[in-house]
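**Student:** here's a sequence, model it:
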Amino acid sequence: MDDKKVAIAIVIGNDESFYGFSFRDRYKSDPLNIITRNWYRPSASTAFPTCVLFTKNKLFHSFGYESKDKYLELSENKEHIDWYFFDRFLSCFTLEERPLSKSTNVTAIDGKEMLAIDVILAMIKGIKDQAIKQLESKECQISETEIQWVLSISASWHEDVRWFWKTATKAGIVDEQFRIVSEEEAAIWYYKHIPIERLVSGGSGPDINEFSTGSKYIVLNCKEEAVFLATFEVNYDTSLKELYKTSEKKGGGSQFDRAYEQLLTEIVGAPVMEKFARRYPEEYAILYEEFHFKCLTIGNEVHRKITIRIPIGLVEVFERETNKSIQETINNSKFSSKVRWHDDKCRFSRELFQGLFKVPSSEIIALVNNVIEKPEIKGTKNIILIGKFAECTILQTMIEQALPEMKVIIPHEAKLVSLIGAVIYGHEHRNEIEPKYATSRVEKFIGKFKKRPVVHAKKETFFF
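**Tutor:** Numbering: from 1, shown residues only. This next block holds a predicted model:
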């Protein structure tokens, strides 16, 4: 019975999360067109921070930007001591591979603990209620029984699928209306639906192959905490199976952050950096927000210097602690020809800035090279980059240059690929009695694809 009129997908990442949906009738004509919410903080974005706030009695208060604002207000009034604020709380599981159980705890930013199931349950329920509220604002006649829910999680979580399933049911989502798909698998569902006219090839490049039997795809999920890799193969009946996924957690955006902080620390000194972080925690966070923005918007101009806004508090702390001008200090250092600092603007040479990406990029490339040598992966020529940091032009270029024999596929707005793919997955699996989730066991098959026409192109890298 085809009774699901809307598919709503939720993606919960360590640093940021999303939700989006599409109606069944619109999906049929344009599967990539989904509705999201724009959070105008600090600028228009479909993402919101993965954080949750609880009262002193451990009652859910809010999530996302609302929870951040409330906790800041409480902190300014010295009323935050007994509250529970969880921010980026998933990294302890994705990086340390701690198993999830009903007794697993997560740690708030001040060291207090709560059960992980209660924190993630609150997150899912908060997003669910917000999505339904947005759906109702469209004045469409949709009952909750007509919604297909999809939770997209990294393939590294596959052993904890049952745990997430139970958590979702506690949030009020009925089993029959719930599906789980890995972010990496969702990326291929997205790629399957890209129309030919939306590919930008720019000259000549390799063939864009159909999902024919034996076609293999590596998905690199470039997230904040790490880069996750999964490899899929199209089976003889056009179903998809997962061949391999990595357990190594390397090359994430946090490594770019550490390289950037090490550079600034080398310029201003460790004592100054530590005092700045303690005295101006908000500006310290902005320091990385500005860096992320530059990473994702920088172009390929070889000779252009890179200008980044630096919170003025760092300059003030430096001059107060050293009684020196920061630019004079730079002029007398090894950075004299590479860095110019004026008030809240710092200009780096392109060479110096690109150097921040060298170590994490080399780890990603080594990871791919190691995987493609495995017998079951040999012959794979397609890499799909997804995730927030897949949008970084410097990272893209380094991967392309190091892997010239590979076809690097880069979606526009790569961080939204898993969300859109999960919505598509929800529509195409809405009536399955026993939904399938990709695991590392190759005998487990996932989703069926219709064949798509062969299209010929020649450029090594293409965007869609």
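
**Student:** got any ranges where the stretch 351-464 of the chain has weak pLDDT?
**Tutor:** Where the stretch 351-464 of the chain drops to pLDDT under 70, the residues are 430-464.

**Student:** quick one, helices of it?
**Tutor:** 358-372, 393-402, 417-428 (DSSP state H, counting those that start in this stretch).

**Student:** what comes up buried for the shortest one?
**Tutor:** Right, helix 393-402. Within helix 393-402, the residues scored as buried using 16 or more other CB atoms under 10 Å are 394-400. Placement of C-beta: from N, CA and C, glycine included.

**Student:** from the helices of the stretch 351-464 of the chain, which stretch is densest packed?
**Tutor:** Highest mean neighbour count among these (mean count of other CB atoms under 10 Å): helix 417-428, with a mean of 28.

**Student:** circling back to that earlier point, could you export the helices of the stretch 351-464 of the chain as a markdown table, including distance to G64?
**Tutor:** A markdown table is the format used below for the helices of the stretch 351-464 of the chain (distance: least, CB to CB, whole Å):
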| stretch | distance to G64 |
| --- | --- |
| helix 358-372 | 28 |
| helix 393-402 | 27 |
| helix 417-428 | 15 |
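
**Student:** returning to what we had before: closest to F256 among the buried residues of helix 393-402?
**Tutor:** L395 (8.4 Å; CB to CB).

**Student:** pretty sure the closest one is touching V359, no?
**Tutor:** No: at 11.9 Å, L395 does not count as touching V359 under the criterion of CB atoms under 8 Å.

**Student:** just say helix, strand or coil for the residue nearest to V174 when sequence neighbours are not counted.
**Tutor:** Leaving out its chain neighbours, the residue that sits closest to V174 by CB to CB, 6 or more residues apart in numbering is T145, at 7.8 Å. When classified by DSSP: H, G, I helix; E, B strand; the rest coil, T145 comes out as helix.

**Student:** next: the one 4 residues further on.
**Tutor:** W149 carries the three-state label strand when classified by three-state DSSP.

**Student:** the residue nearest to V174: neighbour count?
**Tutor:** T145: 11 surrounding residues under other CB atoms under 10 Å.

**Student:** got it, and L72?
**Tutor:** By other CB under 10 Å, neighbour count at L72 equals 14.

**Student:** in terms of helices and strands, where is it?
**Tutor:** Assessed by DSSP states H and E, L72 sits inside helix 64-76.

**Student:** by contact count, what packs against the helix or strand just after that helix?
**Tutor:** Downstream of helix 64-76, the first helix or strand assigned by DSSP H and E is strand 84-87. Packing contacts for strand 84-87, counted by 3 or more CB pairs under 8 Å, 6 or more residues apart in numbering; DSSP states H and E, involve strand 51-54, helix 64-76.

**Student:** mind redoing it with 7 Å?
**Tutor:** strand 51-54 (3 or more CB pairs under 7 Å, 6 or more residues apart in numbering; DSSP states H and E).

**Student:** convert the strand it packs on to CSV, retaining C-alpha atoms only.
**Tutor:** Written as CSV, here are the backbone C-alpha positions of strand 51-54 (Å, rounded to 0.1, in the frame of the first residue of the first chain):
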residue,chain,number,x,y,z
CYS,A,51,24.2,20.3,20.9
VAL,A,52,21.4,19.7,23.4
LEU,A,53,20.5,21.5,26.7
PHE,A,54,18.9,20.0,29.8
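
**Student:** domains in this protein, by residue range?
**Tutor:** Following automatic domain parsing, the chain resolves into domains at 6-181, 197-251+361-417+437-463, 253-355.

**Student:** out of those domains, nearest to E428?
**Tutor:** domain 197-251+361-417+437-463 (6.8 Å).

**Student:** show me where the stretch 301-450 of the chain has strands.
**Tutor:** For the stretch 301-450 of the chain, the strands defined by DSSP state E, counting those that start in this stretch occupy 306-309, 339-342, 345-348, 382-386, 407-410, 445-448.

**Student:** got those strands as CSV, with distance to M123 and mean neighbour count columns?
**Tutor:** Formatted as CSV, the strands of the stretch 301-450 of the chain follow (distance: least, CB to CB, whole Å; neighbours: other CB atoms under 10 Å):
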stretch, distance to M123, mean neighbour count
strand 306-309, 31, 16
strand 339-342, 40, 18
strand 345-348, 36, 18
strand 382-386, 22, 24
strand 407-410, 30, 22
strand 445-448, 25, 18
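
**Student:** export those strands to JSON lines and tack on distance to E261?
**Tutor:** Putting the strands of the stretch 301-450 of the chain into JSON lines (distance: least, CB to CB, whole Å) gives the following:
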{"stretch": "strand 306-309", "distance to E261": "13"}
{"stretch": "strand 339-342", "distance to E261": "15"}
{"stretch": "strand 345-348", "distance to E261": "13"}
{"stretch": "strand 382-386", "distance to E261": "25"}
{"stretch": "strand 407-410", "distance to E261": "27"}
{"stretch": "strand 445-448", "distance to E261": "40"}
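
**Student:** what comes up buried for stretch 315-329?
**Tutor:** Buried residues in stretch 315-329 (16+ other CB under 10 Å): 315, 317-318, 326, 329.

**Student:** which residue is the nearest non-sequential neighbour of N105?
**Tutor:** Of all residues beyond its chain neighbours, the one nearest N105 is E113 (4.3 Å), with distances taken as CB to CB, 6+ apart.

**Student:** could you measure the one you found against E66, distance?
**Tutor:** Separation of E113 from E66 (CB to CB, to the nearest Å): 23 Å.
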